[in-house]
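> Below: sequence and its predicted model.
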Amino acid sequence: KEKVVITKDQQAFMNVILDAYNRHQIPPDVAKKLLQEQYSAEENFLLLTEMATSQVQVLVEFTKHIPGFLSLDHEDQIALLKGSAVEASFLRSAQVFSSKMPNGHTEVLEERIRKSGISEEFMTPMFNFYKTIGELHMVEEEQALLTAITIMTPDRPYVKDQQAVERLQEPMLDVLRKLCALHHPHEPQYFARLLGRLTELRTLNHYHAEMLTSWRMNDHKFTPLLCEIWDVQ
Ligand SMILES: O=C(c1ccccc1)c1ccc(-c2nc3ccccc3n2[C@H](C(=O)NC2CCCCC2)C2CCCCC2)cc1
């Protein structure tokens, strides 16, 4: 059984990503707000668009600190951000949902989300994703790396130099694999399960526009940034 060793360079690389991740996260105050009271579908949709708009802004800041990102072709930088923003917001939502809350609060939060206005058909896949992410009990390094790996996915639409993106994603996958072995020594399949969540994310991404336009309310207003990111309107 070979000893898993994280090199000093990998540790430094990891710290850059973790530091950027912790500095660029909107506070999970959306959960607090939701626990306070039940809002109408319109108010919830507005809350979602506000949260998602500020999350895209912090996602750009986080991404700029991923080693090598700023040296990519500028159009590819945009293609990677555009291609990963929805997945990053579901990943962040899952992390907010599975964060430690006082007893019974998660159930209230789930109830509020179920009644928020999202159409029924998307509840199961969304909560399946949230619960399987919660069951992984990721440490923050794993959360930060998983978000960075999601962003640095070579086969997003319109990416021209996929090899350049692969070269940036690989070192992050290497560190993540080692971290999984170190933090979850009794779960040899943990790394594979983590990457399996990225496949689930792509499924959610696949029907995100339909999810948004099927919110149970009439005119759905989006900010210009979200129209761009969400492919709506
Ligand atoms: O329909 C959705 C969608 C979004 C983007 C693209 C396609 C569909 C769609 C709908 C809800 C949630 C969603 N799952 C959550 C889990 C826990 C806590 C809040 C959550 N939310 C929403 C939210 O604010 N998410 C933020 C979280 C920070 C990062 C940006 C996103 C609120 C919005 C107010 C009403 C209740 C849920 C997440 C997603």
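Now that the structure is in, tell me what you want to look at. Residues are numbered from 1 along each chain as shown.

> Mind giving me the packing neighbours of the helix or strand containing Gln143?
Element membership for Gln143 (DSSP states H and E) is helix 140-151. Judged by 3 or more C-beta pairs under 8 Å, 6 or more residues apart in numbering; DSSP states H and E, helix 140-151 is in contact with helix 8-23, helix 41-64, helix 74-97, helix 162-183, helix 190-206. Glycine gets a C-beta too; all of them are placed from N, C-alpha and C.

> Buried ones in that helix, by neighbour count?
Glu141, Glu142, Gln143, Ala144, Leu145, Leu146, Thr147, Ala148, Ile149, Thr150, Ile151 (16 or more other C-beta atoms under 10 Å).

> Could you let me know which of those ends up closest to the ligand?
Using C-beta to the nearest ligand atom, Thr147 comes nearest to the ligand of these, at 11.1 Å.

> Which residues outside stretch 33-53 are in contact with it?
With contacts defined as C-beta atoms under 8 Å, 6 or more residues apart in numbering, stretch 33-53 is touched by 26, 30, 89, 105, 108-109, 112-113, 115-117, 215-217, 220-223, 225-226, 229-230.

> which stretches of the chain have low pLDDT?
Residue ranges of the chain with pLDDT under 70: 1, 27-28.

> Enumerate every residue touching the nearest residue to Ala144 once chain neighbours are set aside.
The spatially closest residue to Ala144, leaving aside those adjacent along the chain, is Tyr21, at 3.4 Å (C-beta to C-beta, 6 or more residues apart in numbering). The neighbourhood of Tyr21, defined by C-beta under 8 Å, 6+ apart, consists of Phe62, Glu140, Gln143, Ala144, Thr147, Ala148.

> if we look at the ligand, which of these are close to it?
Among these, no residue lies close to the ligand (C-beta under 6 Å from any ligand atom).

> and which of the residues you listed is nearest Glu121?
Nearest to Glu121 among the contacts of Tyr21 is Thr147, at 26.8 Å by C-beta to C-beta.

> would you list the contacts of Tyr21 in JSON lines and tack on distance to Leu46?
As requested, the contacts of Tyr21 are arranged in JSON lines below (distance: C-beta to C-beta, whole Å):
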{"residue": "Phe62", "distance to Leu46": "24"}
{"residue": "Glu140", "distance to Leu46": "30"}
{"residue": "Gln143", "distance to Leu46": "27"}
{"residue": "Ala144", "distance to Leu46": "29"}
{"residue": "Thr147", "distance to Leu46": "25"}
{"residue": "Ala148", "distance to Leu46": "30"}
